[in-house]
Each structure stands twice: as structure tokens, then as C-alpha cells.
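J.: need coordinates for the below:
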Amino acid sequence: MSLIRLRNIHVGFGGPAILESISVSIDAGERLCLLGRNGTGKSTLLKVISGEIKAESGDFESKQNLKLAVLDQEPRGDLEGSIFDVVAMGLGDNAKYLQDYHHALHNFSENTNDQTIAELQRAQDQVELHNAWQLNQQVEEVLSRMKLDGDMDYTSLSGGMKRRVLLAKALVVKPDILLLDEPTNHLDLHAIQWLEEQLLNYKGALMFITHDRSFMRKLSTRIIELDRGILTSYPGNYDTYLQRKAEALHAEEVENAHFDKKLAQEEVWIRQGIKARRTRNEGRVRALEKMRSERNQRRNQVGKVAMNVASADRSGKLVSEAENVSFEYDGKPIIKGLNTTILRGDKIGIIGPNGAGKTTLLRLLLGDLKPTTGRITNGTKQEVAYFDQFRAQLDDNESVIENLSHGREFIEINGNRKHVIGYLQDFLFAPERARSPVSMLSGGERNRLLLAKLFSKPSNILVLDEPTNDLDIETLELLEELVMDYKGTVLVVSHDREFVNNVVTSTLVFEGDAQVNEYVGGYDDWLNYSKTKAKSDKSKTADKKSVTQETQQNTADKSKKLSYKLQRELDALPVQIEEFENEIESIQSQMVSDEFYKQEKDTILEVQQRLEKTQAELAHCYTRWEEIEAE
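T.: Numbers count the residues shown, from 1 in each chain. Prediction:
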């Protein structure tokens, strides 16, 4: 059943069409992911659906009494008050009565006197007058489910917690459709996983914009893509979309090539002279004019960023070595007892919660900060290109060209000289856009400009602090390829799980209590290791518990006997358990080797699958032991 249906929607704001004859429907319970390059109109479409923007033409149908809520891309700066106040705003006009009642109740609990009693009575009367008790219960329920303290001040919260409060504000009205614009931007891994769980349990329909491929794979049931003003629907998950999109682009290329060939033949014919203007050929002339018009109206696919990094001479073999390094800020430990060695060519990922100290760790490893205790040794001949997540290297008052060139007319990349305008076009800046001030750029354009600026300078150490925010998927994938092919050393901080998995060879992980531990591989490898360790610890605990129970049972009831078959199975289990544990230990030792991830992908996958199978068999042995003991 369709909750909303759009037919032939057109939006152009008086210029070229941003949305051209868009048709889409949203059905109950489905989760739609809206994809498209930066600037193609994705947020505009969301605003048309939410009613914030009115389409210039087309039909808009919706279910009667439809409830719709929006989670904006960035937290609004004008929201203030307690968390309860902000969440209650989602209920509209009745929010004020609930807010007044909640404040009066809080004042009454803090200081009971005649005045607070009277205030509470007045607020209660207003809630009853407007039948808002059920709405108050809705606010309390969503606060409880999201583990939010309604009395906390909203303005004092971190960005991730503000996003959680705004999601509660959107959900409190129990919407039929929830619209989300880049919900994972600036969230750490824990917050992203929490958001995924909340949205997977949400019973209404979802429509969301994201460039986080892991998030997309986890949530989407259908993908719709906005490309050159046209909306195309791809049922299924992200991998299905990639396959069908590639097929559609190939078919488009073949069709365009056939059309262009025929057009070229007709252009040759029309130039043959007087024969082309005879009356009997007028139909062919009109057909040619129509073909010319069609070719002029064709909207070609948006170009791809062409990234190249200017390489410096190789650095020394040692890049950075930390020996028992600790760092404190205002007496608070940020890092304790870190030991790690980074060599030339390593690609290191740094992951952890927001505020844990990831940027601080980068500065320590680069020698910009001195450790409180311990020692950091840096190598020689180091040329660092640093991507700052806050884009402090960009001057908002200068133009795009001025930020890049600093008066130069040409940029030299690895011996190739290129004009500044041409170099910026490689990063999808048209000449007129290149002359715009940076203050007018979108978040994605700012990121592309910062990458262009960094890559124009020779480097042998590439530092990327949250480089993936606001980048569209095509640019993100090209950045991945560039980082993987980069001959120098890479240090990357990112909450994009797929980006980390694809580019790093090892990870430094903040795991609480200022502890930073090193793991071979990317995010998934760290996650698998953590799960394996947790299972191993649980198995050892279960082993000890089983031995204790066995001793107690034998002492309490020596007369009870097992059947011959069960007794033999029980006697064989310790040997099997020992074999499986030895095999797991052997596989894990193999996986932590530096050479392991240099093998073929199929070989790595085979070893990982063997590890999972052995762990499952070990767990089965322990389960079977408990079952026989119960006999």
C-alpha cells in the first residue's frame, strides 16, 4: 500500500531542471535509500516529499492523515531547553503544555511549597484541558527507549547525542514515514551501530540519503537513484543496484554510440549539396533537425574526479615508533602505555568513539605533540599532507582558485605541468565555480577542494582525518583507489567502516580507559577478533564451570551411571576440545602475521571460514558436554 505517490514532479527554481518528471512511491514498511552525486537534488526531493518545497508541476498524493517526520542533515542551532522540551517539540502545538507541566513537576520535586504546588496544578489543568496526557506518555516512552535523561540540557550535548535527541523528536509522533538526510555524518562507530539497530526495529517506512555503504547495505530494501534529473528505482540491496546500474550505463553507452553514428552519417548527407534540399528529401531533413535537437538536449553523465597525488622522495624506513607512550590533558589520561611501530608504506587506520583522542594520537605520531611519558621517535625525510576534518586550511573569504594556487598559474604533479583551472576541473570544479568564494561551497565541494590542495603538494606521508564526510560514493571509491595505490605511508581516521576495511593494513583502536591496541587488518578484522576473544573467554569460563560441576556431581552422587555410549562420548570430548582450541590458536597466529593479508582474497576468505567453522565446532563440544552432564 502506497503512503505517498509522486507523479511527474518538476522543480527547476527558474533554471535547468533539478527534478525532471520525477515519479516515485513510498510503500508502508519499506526502507528506501536515495542515491545520487552531490548537487543532483537529493535533499530537494526530500523537501518536496516533506512539504517544505512545493513542486512547480506534477501530482502529489498521500494517505489521509499521514504522519511524516524529518531528521535533518545537521542539528539546528536554535534548539534549546531540556531534552524533554526538544523531544516534545515533535508533537506540535501541544508541546508547550507538556513542557510547562514537565518544568512544574521538576520544580515541585526540587522545592515543594505553595508556589510550586500552584504551578504544578495549573500546568496539570492545561494538560487535561487539551487531552495531552497520552502525548506525555509518548514522550516518556521514547526517552526511555532511547536511554535519554529528559532533564539534561540539550545545548550541552555532543553532536552524536544531539542526533539521538533529534531522532527521538522525529519518532515521538509515531510517523508513518521517516525522512533522514545523511544520518551518519559526524557520528562515531558506536552511535552509527546504535542508529542502525533503532531504524531496523522501526515499523514505519524510511527514506534516507547516505554515502555510508555499510549503513546502506544493512538497512535498504530498495534503492532509488537520482541521476541527471531522472529518478530510477532498483529493487533489492546495494550490491544488486551496483550490478543493474552497470548494465544500464553500458546499454546507454551503446544506444548513444548508435545514435551518434547515425547523426554523423546524416550530417555528411546534408552537406552533399543541392540533392539534400529537393522536396522529396524534406522528410529526411526534418528528421535530421529532430536528431540535432535530441543530441543538444542529452544530459551526459557527470564526470568523475581525476585524483593524482604529487609524490615526494621516499621517507626513511622508520616513520614513527612509540615506546610506552602516555598522554594526559588537564590531568585526564587520553592514552596509556602505547607501543607501536609504523614503517614506510604502512596504511594505518585509527578508530574509536568521538572525543576519545584520535586526532591527538595523530599529532603524537607525527611529532606535533610531546607525550606526557614515554618516547616517540620519528623518521627522516618526511613530507606530510594533512587532511583536517575541520577544513581549517581553507580560507572562506578567498576564491577556490586563490585557496589552491596562492598566485601560481600552473600546478606541477609528478613532473606534469597543469593549469590551475584544468587541475580544478579534474576535481569537478567548472571554471565559473572555481572563481566562487569558498564560503559558497557545499560540504562535498569543500572536501574536494581540500583534497585538490593537499594532492598538489609533494608528500610521502598522507594523513586523512575524517576525509569521507560529504563525499558522494563515486568520489569516495576513487579516493579509496588513490589511497590503496599511494606509495608512501597513510594514517587515516574514519568512521566509514567500508573505507577503513578497503584501505588499511592495520588498525589502532581506542578500547576504553585510554587504552589503544593494535590489530592486523581493518574494522571487520578487529570486530571478528573481538568476537573470537569474547567467545574464547566465555568458553574458558564454561570449561571451568563444567569441571567444577562435574566434581560436585561426582561427589554428590557417585552411584549414578551413564550409558556405555554416552560415557565414551564424554571421555572423548576433552581430546576434541583440545584439538579445536589448538587449531583456533594456530589459525589466529597465522592471521596476525603481516604476510597474511598479502595473499589472494580467496585464500584469506578460506582461512576465515575455517576459523568460523572450528569455533562453531568447539562451541558445540561444550554444549554437548553440558547436555551429557545433565544426564
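J.: how close does residue 222 sit to residue 525?
T.: In this structure, residue 222 lies at 31 Å from residue 525, with Cβ to Cβ, to the nearest Å as the measure. In this view, the C-beta of every residue, glycine as well, is placed from N, C-alpha and C.
J.: once you drop chain neighbours, what's closest to the residue most central in space within the chain?
T.: For the chain, residue 212 is the residue whose C-alpha lies nearest the centre (Cα atoms, centre = their mean; 3.2 Å). If the residues on either side of it in the chain are set aside, residue 212 comes closest to residue 184, at 4.6 Å by Cβ to Cβ, 6 or more residues apart in numbering.
J.: again, but for residue 29
T.: Nearest one to residue 29, counting by Cβ to Cβ, 6+ apart, is residue 205 at 6.1 Å.
J.: list the residues that contact the one you found.
T.: Residues touching residue 205, when contacts are defined by Cβ atoms under 8 Å, 6 or more residues apart in numbering, comprise 3, 26, 27, 28, 29, 30, 31, 32, 176, 177, 178.
J.: quick one: which of those residues sit in helices?
T.: Among those, no member falls in helices (DSSP state H).
J.: low-confidence regions, the stretch 201-350 of the chain specifically.
T.: Applying pLDDT under 70 to the stretch 201-350 of the chain flags residues 272-281, 294-307.
J.: which stretches of it form strands?
T.: Secondary structure of the stretch 201-350 of the chain, counting by DSSP state E, counting those that start in this stretch: strands at 205-209, 222-227, 230-235, 318-329, 332-343, 347-351.
J.: turn the ones you listed into a markdown table, including distance to residue 432.
T.: Conversion of the strands of the stretch 201-350 of the chain to a markdown table gives the following (distance: least, Cβ to Cβ, whole Å):
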| stretch | distance to residue 432 |
| --- | --- |
| strand 205-209 | 27 |
| strand 222-227 | 23 |
| strand 230-235 | 25 |
| strand 318-329 | 42 |
| strand 332-343 | 43 |
| strand 347-351 | 37 |
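J.: looking at the ones you listed, which is closest to residue 427?
T.: The minimum distance between residue 427 and these falls on strand 222-227, with 20.1 Å, by Cβ to Cβ.
J.: can I get that closest one in CSV, CA atoms only?
T.: As requested, C-alpha coordinates have been extracted for strand 222-227 and formatted as CSV (Å, rounded to 0.1, in the frame of the first residue of the first chain):
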residue,chain,number,x,y,z
ARG,A,222,15.1,-0.6,-2.3
ILE,A,223,17.5,1.9,-3.8
ILE,A,224,16.3,4.8,-5.9
GLU,A,225,18.9,6.9,-7.8
LEU,A,226,18.7,10.5,-8.9
ASP,A,227,20.9,10.9,-12.0
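J.: and that strand, how far from the chain's centre?
T.: 17 Å (Cα atoms, centre = their mean, to the nearest Å).
J.: with stretch 310-324 instead?
T.: Relative to where its chain is centred, stretch 310-324 has its mean C-alpha point 30 Å off (Cα atoms, centre = their mean).
J.: related to what we said a few turns ago, isn't the residue nearest to the centre of the chain up against residue 496?
T.: Yes: taking contacts as Cβ atoms under 8 Å, residue 212 lies within contact range of residue 496: 6.1 Å.
J.: helices of the stretch 101-250 of the chain, start to end?
T.: Secondary structure of the stretch 101-250 of the chain, counting by DSSP state H, counting those that start in this stretch: helices at 114-129, 133-145, 159-171, 189-200, 213-219, 238-270.
J.: show me what stretch 114-122 is in contact with.
T.: Where contact means Cβ under 8 Å, 6+ apart, the residues beyond stretch 114-122 that reach it are 101, 104, 105, 107, 108, 110.
J.: give me the pLDDT for the fifth one.
T.: In the prediction, the pLDDT value recorded for residue 108 is 83.
J.: re the thing from before, what sits against the residue nearest to the centre of the chain?
T.: 184, 192, 496, 497, 498.
J.: one step back: now list the buried members of the contacts of residue 205.
T.: By the neighbour-count criterion of 16 or more other Cβ atoms under 10 Å, the contacts of residue 205 include these buried positions: 3, 26, 30, 31, 32, 176, 177, 178.
J.: quick check: the last one touching residue 204?
T.: Translated: residue 178. Yes: under the contact definition of Cβ under 8 Å, residue 178 touches residue 204, with a separation of 5.9 Å.
J.: show me the shaky parts of this structure.
T.: Counting by pLDDT under 70, the chain has low-confidence residues at 1, 72-77, 272-281, 294-307, 389-392, 536-562, 564, 591-598, 601, 630-631.
J.: which residues touch stretch 430-444?
T.: Applying Cβ under 8 Å, 6+ apart, the set of residues contacting stretch 430-444 from outside is 38-39, 394-401, 403, 420-421, 424-425, 445-446, 449, 469-472, 475.
J.: any idea how far it is from the middle of the chain?
T.: 25 Å.
J.: what does stretch 130-138 give?
T.: With Cα atoms, centre = their mean as the basis, the mean position of stretch 130-138 lies at 36 Å from the chain mean.
J.: pull the CA atoms of that stretch into CSV?
T.: Coordinates of the C-alpha atoms in stretch 130-138 are reproduced here as CSV (Å, rounded to 0.1, in the frame of the first residue of the first chain):
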residue,chain,number,x,y,z
HIS,A,130,-6.1,19.7,25.9
ASN,A,131,-6.2,15.9,26.4
ALA,A,132,-2.4,15.7,26.3
TRP,A,133,-1.8,13.0,28.9
GLN,A,134,-1.4,10.4,26.2
LEU,A,135,1.2,12.6,24.4
ASN,A,136,3.1,13.0,27.7
GLN,A,137,3.3,9.2,27.9
GLN,A,138,4.6,9.1,24.3
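J.: which residues touch it?
T.: Taking Cβ under 8 Å, 6+ apart as the rule, stretch 130-138 contacts 88, 91, 94, 97, 98, 101, 102, 126, 127, 172, 173, 174.
J.: count of neighbours near the third one?
T.: Okay, so that is residue 94. Using other Cβ atoms under 10 Å, residue 94 has 17 neighbouring residues.
J.: mind listing what's buried in stretch 336-344?
T.: Buried residues in stretch 336-344 (16+ other Cβ under 10 Å): 336, 338, 340, 342, 344.
J.: do the same with stretch 201-218
T.: By neighbour count with 16+ other Cβ under 10 Å, stretch 201-218 contains the buried residues 202, 204-216, 218.
J.: okay, the buried residues of stretch 336-344 in CSV with distance to residue 197 next?
T.: Output for the buried residues of stretch 336-344, formatted as CSV (distance: Cβ to Cβ, whole Å):
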residue, distance to residue 197
336, 31
338, 31
340, 32
342, 35
344, 41
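J.: quick check, nearest of those residues to residue 353?
T.: Distances from residue 353 to the buried residues of stretch 336-344, taken as Cβ to Cβ, are shortest for residue 336 (15.9 Å).
J.: who's in contact with the spatially closest residue to the closest one that is not a sequence neighbour?
T.: For residue 336, the nearest residue in space outside its immediate sequence neighbours is residue 514; the separation is 4.3 Å by Cβ to Cβ, 6+ apart. When the contact criterion is Cβ under 8 Å, 6+ apart, the partners of residue 514 are 326, 333, 334, 335, 336, 357.
J.: hmm, try it at 6 Å
T.: For residue 514, the contacting residues are 333, 334, 335, 336, by Cβ atoms under 6 Å, 6 or more residues apart in numbering.
J.: same check on residue 380?
T.: The neighbourhood of residue 380, defined by Cβ under 6 Å, 6+ apart, consists of residue 316.
J.: CA atoms of the helix or strand encompassing residue 424 as PDB?
T.: Secondary structure assignment for residue 424, by DSSP states H and E: helix 420-426. Extracted C-alpha coordinates of helix 420-426, given in PDB (Å, rounded to 0.1, in the frame of the first residue of the first chain):
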ATOM      1  CA  VAL A 420      45.200  25.700 -12.200                       C
ATOM      2  CA  ILE A 421      41.800  25.800 -14.000                       C
ATOM      3  CA  GLY A 422      42.400  22.500 -15.700                       C
ATOM      4  CA  TYR A 423      43.600  20.900 -12.400                       C
ATOM      5  CA  LEU A 424      40.400  22.100 -10.600                       C
ATOM      6  CA  GLN A 425      38.300  20.600 -13.400                       C
ATOM      7  CA  ASP A 426      39.800  17.200 -12.500                       C
END
